[in-house]
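[1] generate a structure from the sequence data that follows.
(2 chains)
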Number of protein chains: 2
Amino acid sequence: MAAPALDFWFDFASTYSYLAAMRIAPLAEEASVRVRFRPFLLGAIFKAQGWTTSPFNLYPAKGRNMWRDLERSCADLRLPFRRPDHFPQNSLLAARVALVALDQAWGEEFCRTLFRAEFAHGRRIDDAAVLADVLAKLDVDSEPVLAAAQSDAIKARLRAQTEEAQRLGVFGAPSFTTADGELFWGNDRLEPALRWAAAERS
Amino acid sequence: MAAPALDFWFDFASTYSYLAAMRIAPLAEEASVRVRFRPFLLGAIFKAQGWTTSPFNLYPAKGRNMWRDLERSCADLRLPFRRPDHFPQNSLLAARVALVALDQAWGEEFCRTLFRAEFAHGRRIDDAAVLADVLAKLDVDSEPVLAAAQSDAIKARLRAQTEEAQRLGVFGAPSFTTADGELFWGNDRLEPALRWAAAERS
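    Numbers count the residues shown, from 1 in each chain, chains lettered A, B, ... in the order given. Just a heads-up that it's a prediction; the model follows:
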């Protein structure tokens, strides 16, 4: 029997996706749950409900609290944190590169390294040079990866993946979905989502 | 030295305030943190940011997830749950009665019993008969309490308390604030808020 599976939906622009991406691997291993990394574009889903930017920008009190909460949470988790100058960043290129990366053994490490570049070092993720840098850190030749990321096939896959997220009811990031149709939203729901997936009998 | 203090801001209309209200007393005792129950009107704060109802109603995907998440969370916590027919309920009278109650020894028990009436039994909280019923469960003579709740003094106190919440940056319920100015939002932040309050040196 295959290990129970959990889909991990994230957007590279999302602050709490950083926390979940850094936490998920050891917790999933402990719970014997197979996790699939699924980058998508939250901005497209926000647009569909009438938002042109992050609710953290639309509602300043909520935004102030998010940054402070993130700082406190990173301190608790002993994760480095540096607030990028711009938020939310355009994550289109990052998500496309991640789709190429996740077909390879080093895909999840790429995602973590890119999240760290953004939220631990405050770097831009819409800049091909930064993405090349992250790939170089993993000893990956960046040129063919960046070229593949701009292929029609990958563009279509990212669109399809974002549409699938929306169909599953995803309205924020990170989110977690199980084979039996449960949706868990937020870094705070990572543990309950893993418990649910582990308890599934198929 | 007085025990460290934490203000617990809640609205009787708020689903996650139910969870926090049912959890806070034993956790606070364990952490040796003195908690002050502070009912306020979240609707007034929502109005100030342009919302005429709960974001759970404004954004259907978010709302669907909230009800399912609440159901799962109540099951995990072994708390009874029954979804009321109407959401959010008008919590004005309930908050006024709570202010009267919280001047008495049985105030916190009143709050828990009212939350249970609403979210475990699906009852209305804008109905004076339901409030009288809850008071009767606590062996309290309801007539003078309901009369006091409609006094100018209590009306003014609730307005002032809601304004104070807004001044402190509260934008949702439940929230927790510390003497040194930290704001924690959400039932998920109850434990970190208690840890912060316990670590405060004054």
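[2] contact partners of the helix or strand of chain A with the lowest mean pLDDT?
    Between all helices and strands in chain A, the lowest mean by mean pLDDT, DSSP states H and E belongs to helix A:55-58, at a mean of 86. Judged by C-beta atoms under 8 Å, 6 or more residues apart in numbering or on different chains, the contacts made with helix A:55-58 from elsewhere in the structure are A:Thr15, A:Phe46, A:Trp51, A:Lys62, A:Gly63, A:Met66, A:Trp67, A:Phe87, A:Pro88. In this view, the C-beta of every residue, glycine as well, is placed from N, C-alpha and C.
[3] number of nearby residues for A:Arg78?
    The criterion is other C-beta atoms under 10 Å in any protein chain shown. On that basis, A:Arg78 has 6 neighbouring residues.
[4] same check, this time on A:His121
    Count around A:His121 with other C-beta under 10 Å applied: 12.
[5] do the same with the one 4 residues further on
    Neighbour count of A:Ile125, defined by other C-beta under 10 Å: 23.
[6] wait, is it part of a strand?
    No - using DSSP: H, G, I helix; E, B strand; the rest coil, the assignment for A:Ile125 is coil, not a strand.
[7] and the helices in chain A?
    A:15-31, A:42-48, A:55-58, A:60-77, A:92-101, A:107-119, A:128-137, A:142-149, A:152-167, A:190-199 (DSSP state H).
[8] re earlier: centre of the chain versus the least confident helix or strand of chain A, how much separation?
    Its chain's average C-alpha position is 19 Å from that of helix A:55-58, according to C-alpha atoms, centre = their mean, to the nearest Å.
[9] near chain B, which residues of chain A? Just list them.
    Chain A has residues A:49, A:59, A:61-62, A:64-65, A:68-69, A:72-73, A:76, A:169-172, A:182-186, A:188-189, A:192, A:196 near chain B, with proximity defined as C-beta under 8 Å from any C-beta of the partner chain.
[10] per-residue pLDDT of A:Arg201, please?
    Note for A:Arg201: predicted pLDDT of 52.
[11] oops, could you answer that again for A:Phe46 instead?
    Reading off the per-residue confidence, A:Phe46 sits at a pLDDT of 88.
[12] need the contact list for it.
    Counting by C-beta under 8 Å, 6+ apart, A:Phe46 touches A:Thr52, A:Thr53, A:Ser54, A:Pro55.
[13] now the residue nearest to the third one when sequence neighbours are not counted: phi and psi?
    Spelled out, that is A:Ser54. Counting by C-beta to C-beta, 6 or more residues apart in numbering or on different chains, the nearest residue to A:Ser54 once its immediate chain neighbours are dropped is A:Pro88, at 4.8 Å. As for A:Pro88, its main-chain torsions (degrees, to the nearest 10) stand at phi -80, psi 150.
[14] neighbours around A:Pro88, how many?
    By other C-beta under 10 Å, the residues close to A:Pro88 number 18.
[15] wait, it sits on A:Gly43?
    Yes - at 7.4 Å, A:Pro88 counts as touching A:Gly43 under the criterion of C-beta atoms under 8 Å.
[16] common neighbours of the two, please.
    Residues touching both A:Pro88 and A:Gly43 (C-beta under 8 Å, 6+ apart): A:Ala13.
[17] measure A:Lys137 to A:Leu99 for me?
    Summarising the geometry, the distance separating A:Lys137 from A:Leu99, computed by C-beta to C-beta, to the nearest Å, is 19 Å.
[18] same check, this time on A:Leu114
    13 Å.
[19] what of A:Asp139?
    20 Å.
[20] what about these two, which has more around it?
    Remark: of A:Asp139 and A:Leu99, A:Leu99 carries more neighbours, 21 against 7, as counted by other C-beta under 10 Å.
[21] now do the same contact list for the more buried one.
    Listed by C-beta under 8 Å, 6+ apart, the contact partners of A:Leu99 are A:Pro39, A:Ala149, A:Ile154, A:Arg157, A:Leu158, A:Gln161.
[22] picking that back up, what about dumping the CA coordinates of the least confident helix or strand of chain A to CSV?
    As requested, C-alpha coordinates have been extracted for helix A:55-58 and formatted as CSV (Å, rounded to 0.1, in the frame of the first residue of the first chain):
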residue,chain,number,x,y,z
PRO,A,55,-5.4,41.3,1.9
PHE,A,56,-2.4,42.1,4.1
ASN,A,57,-2.0,45.3,2.0
LEU,A,58,-5.8,46.0,1.6
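[23] and that helix, what's buried?
    Across helix A:55-58, burial judged by 16 or more other C-beta atoms under 10 Å in any protein chain shown covers A:Phe56.
[24] ok, stretch A:157-177 next?
    Of the residues in stretch A:157-177, those with enough neighbours to count as buried (16+ other C-beta under 10 Å) are A:157-158, A:161-162, A:165-166, A:168-177.
[25] between the residues you listed, which is nearest A:Glu118?
    A:Ala173 (13.7 Å; C-beta to C-beta).
[26] how far away is the closest residue to A:Asp141 other than its chain neighbours from B:Lys62?
    Of all residues not flanking A:Asp141 in the chain, A:Leu135 sits nearest, at 7.6 Å (C-beta to C-beta, 6+ apart). Separation of A:Leu135 from B:Lys62 (C-beta to C-beta) stands at 36 Å.
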